[in-house]
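Visitor: Give me a model of this one.
(chains A and B)
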2 protein chains.
Amino acid sequence: VSEFELIKRFFADRAAHLSGLKHVKLGIGDDCALLAPNTAELAISTDMLVAGRHFFADVDPGSLGHKALAVNLSDLAAMGAQPLGFTLALALPKVDTAWLAAFSDGMFGVAEHHQCPLIGGDTTSGPLTISITVFGAVAPDEALRRDRARVGDDVWVSGTLGAAALAVAVRKRGGTPTAHCARRLDWPEARVQLGIRLRGIARAALDVSDGLVGDLQHVCERSGLAMNLFWPMLPLDPELNVLLEPARQRYALGGGDDYELAFTAPKTARSQIAELANSLELALTRVGECIPARTDATNAIAVLDEHGLAVQFERGGFDHFAD
Amino acid sequence: VSEFELIKRFFADRAAHLSGLKHVKLGIGDDCALLAPNTAELAISTDMLVAGRHFFADVDPGSLGHKALAVNLSDLAAMGAQPLGFTLALALPKVDTAWLAAFSDGMFGVAEHHQCPLIGGDTTSGPLTISITVFGAVAPDEALRRDRARVGDDVWVSGTLGAAALAVAVRKRGGTPTAHCARRLDWPEARVQLGIRLRGIARAALDVSDGLVGDLQHVCERSGLAMNLFWPMLPLDPELNVLLEPARQRYALGGGDDYELAFTAPKTARSQIAELANSLELALTRVGECIPARTDATNAIAVLDEHGLAVQFERGGFDHFAD
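Guide: This next block holds a predicted model:
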């Protein structure tokens, strides 16, 4: 099977029906794709997933294809951007048609759900590596940037926290996570509609990919403020209820892979956000507040218990060179 | 050295001065970059380079950084697009600061030359792999697409052919290519200005990355026609003169890595193209013509010698799964 046939069968042919979208002027097959974004501002994000580092080589390829695109769409969601398309660069150790069929099924399932067409790519042999770049449309000055939080803003988070981290922990110990936790880890949903609907309501936003506290630390740094989070208010995944407090705190505060959105919004937006939660049938929970910067900017986030005392937990986002 | 410090030192800090370009609304450091392309159509291309496949792991990192970006800019050039920015996804086996300094020097040298800022990226540990996605601006309906050639068009090529393939062949045999051939292979120039100036003059274009005949075959397929190329008219690199005819033909017709542009244009454009060559101080050579499709579409290209007889040579572009 030649490279061209491989690309055509699993990617170009499947990409074709979404490239009928009118903003795709030219899809796969030329030196470049041509996109007519019809927007003043374009949001762009890229990432790279490496076998043995971000996933195990024997992972379900359907889940891998799903997650590779979903985590990039989550970055668009975190900016409030409407997905327009994506490119895929893929290194494969060998041509395994069953693997490729499942991988592309998983990936195109997400692409079709969000009407986000594959517009270009590159396929090569090499150690299994996936690099996706996504493009989305935002209205000028409506992007949900990390540097837009203000003192006095509420801090919110969507959905629930900790189930994906629990699944990781169970697998690391050789166990099998519950179906619910495994689904949260392997088949995450990008909160694209939430991001779009938060335009004009939220001030700053990001997605919780590396752990709530580690991620919100970036908002604090870029917005020049600090935050108090209230442990009793956090929307823990119900499956964390059986765990002891230190484990619950570690997974909910420091665990990654939830792909929920955390955002700040003025207090005047509380009723709008409650209505949005109803409309999307998605929990949106107020978990803290933005306060003036502390003298120690590297620990901008304090997590307080019901007595107002600081919760100690295992800190730190995922560092791909240290972890 | 943490991932964040690594990114900051070698990439974000160096990207900062180009992100003052007014179309970059937000660079590295948020969930997405924000680009205000100020154009109706955006050209996008992505590729993935893998150590041991596209380059040797011990390659000069400066050359690698240069070439990784230059070959992507060559795709923009082949569409007639003005570079706007790029993203970089990079997997590294270890943190080697000398390597990273040289790699980013090579890459930012090209970025600065073409005013093409790094707007986003991802860095991880893993087998050495580079994936770049580039963005460029084209005016509506002015992109130099592969499907726009017409019967009667001249076929043109920029610069000279074969020196990069000669360098590859010499290295494969354990030798050291001449400085000229090594420079053509390791430090290619993207023909960005040529591509932009060909808007409204050329009909179809692509870059010669996989070999002149293999690449032009794609134009024939997408435009539904065939081509005759004339061997005596081809602009062979002077260093090929010492070789026997079969080797010269193999390198000039089937060898890749030249990153020149091949394009078709109506016969009425000949004087304009001659003026453009003078203005850019770059050879633009008429090498053939577009003719009606042959019955055998898989061999759409005939290369004819001075007697009108077909030249036989080693065919086939580079197939990353077969070669």
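Visitor: isn't A:R14 right up against A:G109?
Guide: No - with contact defined as Cβ atoms under 8 Å, A:R14 does not reach A:G109; the gap is 10.6 Å. (Each C-beta comes from the backbone N, C-alpha and C, glycine too.)
Visitor: Which one of these two is surrounded by more residues?
Guide: Legend: neighbour count by other Cβ atoms under 10 Å in any protein chain shown for A:R14 and A:G109, higher for A:R14 (19 against 16).
Visitor: helix, strand or coil for the more buried one?
Guide: Per DSSP: H, G, I helix; E, B strand; the rest coil, the local secondary structure of A:R14 is helix.
Visitor: Next, please give the residue ranges for the strands of chain A.
Guide: A:24-26, A:33-35, A:41-50, A:82-92, A:118-125, A:129-138, A:154-158, A:205-208, A:225-230, A:260-265, A:284-292, A:301-304 (DSSP state E).
Visitor: The longest one vs chain B: in contact?
Guide: Yes - taking Cβ under 8 Å from any Cβ of the partner chain as the criterion, strand A:82-92 and chain B are in contact, through A:T87, A:L88, A:A89, A:L90, A:A91.
Visitor: Then the first one?
Guide: Yes - contact of strand A:24-26 with chain B (Cβ under 8 Å from any Cβ) involves A:K25, A:L26.
Visitor: in its sheet, what does that strand sit against?
Guide: strand A:33-35 (antiparallel) (DSSP bridges).
Visitor: Out of the strands of chain A, which is closest to B:G159?
Guide: In terms of Cβ to Cβ, the element of the strands of chain A nearest to B:G159 is strand A:118-125, at 24.1 Å.
Visitor: Pairing partners for the residue in the stretch 151-300 of chain A that chain B sits nearest to in the sheet, please.
Guide: Nearest residue of the stretch 151-300 of chain A to chain B (Cβ to the nearest Cβ) works out as A:L206 at 5.4 Å. With DSSP bridges as the criterion, A:L206 is bridged to A:A262.
Visitor: do you know how far A:V24 is from A:A111?
Guide: According to Cβ to Cβ, to the nearest Å, A:V24 and A:A111 sit 12 Å apart.
Visitor: my bad, A:L206
Guide: Distance of A:L206 to A:A111, given as Cβ to Cβ: 23 Å.
Visitor: looking at it, A:A143 is touching A:L42, isn't it?
Guide: No - using Cβ under 8 Å, A:A143 makes no contact with A:L42, being 10.1 Å away.
Visitor: Tell me the residues that contact both of those two, please.
Guide: With contacts taken as Cβ atoms under 8 Å, 6 or more residues apart in numbering or on different chains, the residues that reach both A:A143 and A:L42 are B:L34.
Visitor: Need phi/psi at A:D31.
Guide: When read as degrees, to the nearest 10, the backbone of A:D31 gives phi -60, psi -40.
Visitor: show me where chain A has helices.
Guide: Assigned by DSSP state H, chain A shows helices spanning A:3-7, A:13-16, A:61-79, A:97-113, A:163-172, A:179-186, A:192-197, A:212-223, A:245-249, A:270-280.
Visitor: give me the low-pLDDT residue ranges for chain A?
Guide: A:1, A:3-4, A:19, A:314-323 (pLDDT under 70).
Visitor: same thing but 50
Guide: Across chain A, residues meeting the criterion (pLDDT under 50) sit at A:316-320, A:322-323.
Visitor: Out of the strands of chain A, the one nearest B:G224 is which?
Guide: So among the strands of chain A, strand A:24-26 is nearest, using Cβ to Cβ, at 16.4 Å.
Visitor: and that closest one, which residues are buried?
Guide: Neighbour-count burial for strand A:24-26, counted by 16 or more other Cβ atoms under 10 Å in any protein chain shown, picks out A:V24, A:K25, A:L26.
Visitor: What residues are bridge-paired with the first one?
Guide: Put plainly, it is A:V24. Beta-bridge partners of A:V24, counted by DSSP bridges, are A:L35.
Visitor: For it, give me its contacts.
Guide: A:L18, A:A33, A:L34, A:L35, A:A36, A:G85, A:P117, A:I119.
Visitor: do you know how far it is from chain B?
Guide: In this view, A:V24 and chain B are 10 Å apart by Cβ to the nearest Cβ, to the nearest Å.
Visitor: Spatially nearest residue to A:G254, not counting backbone neighbours?
Guide: Among residues not flanking A:G254 along the chain, A:G211 sits closest, at 4.5 Å (Cβ to Cβ, 6 or more residues apart in numbering or on different chains).
Visitor: Need phi/psi at the one you found.
Guide: The phi/psi pair for A:G211 (degrees, to the nearest 10) reads phi 120, psi 140.
Visitor: Count the neighbours of it for me.
Guide: A:G211 has 27 nearby residues by other Cβ under 10 Å.
Visitor: Is it correct that it is in contact with A:Y251?
Guide: No - counting by Cβ under 8 Å, A:Y251 is not a contact partner of A:G211; they are 9.1 Å apart.
Visitor: Now for those two: what residues contact both?
Guide: A:A165.
Visitor: so A:A205 makes contact with A:A262?
Guide: Yes - taking contacts as Cβ under 8 Å, A:A205 lies within contact range of A:A262: 6.9 Å.
Visitor: more neighbours, the two?
Guide: The residue with more neighbours, out of A:A205 and A:A262, is A:A205; 30 against 26, by other Cβ under 10 Å.
Visitor: and among the helices of chain A, the most buried is which?
Guide: helix A:61-79 (a mean of 26; mean count of other Cβ atoms under 10 Å in any protein chain shown).
Visitor: Packing partners of that one?
Guide: strand A:41-50, strand A:82-92, helix A:97-113, strand A:129-138, helix A:179-186, helix A:192-197, strand A:205-208 (3 or more Cβ pairs under 8 Å, 6 or more residues apart in numbering or on different chains; DSSP states H and E).
Visitor: Please repeat the previous calculation with a cut-off of 6 Å.
Guide: Packed against helix A:61-79 by the contact rule (3 or more Cβ pairs under 6 Å, 6 or more residues apart in numbering or on different chains; DSSP states H and E) you find strand A:41-50, helix A:97-113, strand A:129-138, helix A:192-197, strand A:205-208.
Visitor: got the CA positions of it in PDB?
Guide: Listed next in PDB are the C-alpha coordinates belonging to helix A:61-79 (Å, rounded to 0.1, in the frame of the first residue of the first chain):
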ATOM      1  CA  PRO A  61      -7.100   3.300  18.300                       C
ATOM      2  CA  GLY A  62     -10.700   4.500  18.200                       C
ATOM      3  CA  SER A  63     -10.300   6.300  21.600                       C
ATOM      4  CA  LEU A  64      -6.900   7.600  20.400                       C
ATOM      5  CA  GLY A  65      -8.400   9.200  17.300                       C
ATOM      6  CA  HIS A  66     -11.300  10.600  19.300                       C
ATOM      7  CA  LYS A  67      -9.100  12.000  22.000                       C
ATOM      8  CA  ALA A  68      -6.400  13.500  19.700                       C
ATOM      9  CA  LEU A  69      -9.000  15.700  18.000                       C
ATOM     10  CA  ALA A  70     -11.100  16.300  21.100                       C
ATOM     11  CA  VAL A  71      -8.300  17.700  23.200                       C
ATOM     12  CA  ASN A  72      -7.500  20.200  20.400                       C
ATOM     13  CA  LEU A  73     -11.100  21.200  20.100                       C
ATOM     14  CA  SER A  74     -11.000  21.700  23.800                       C
ATOM     15  CA  ASP A  75      -8.400  24.400  23.200                       C
ATOM     16  CA  LEU A  76     -10.700  26.100  20.700                       C
ATOM     17  CA  ALA A  77     -13.600  25.800  23.300                       C
ATOM     18  CA  ALA A  78     -11.400  27.500  25.900                       C
ATOM     19  CA  MET A  79     -11.100  30.500  23.600                       C
END
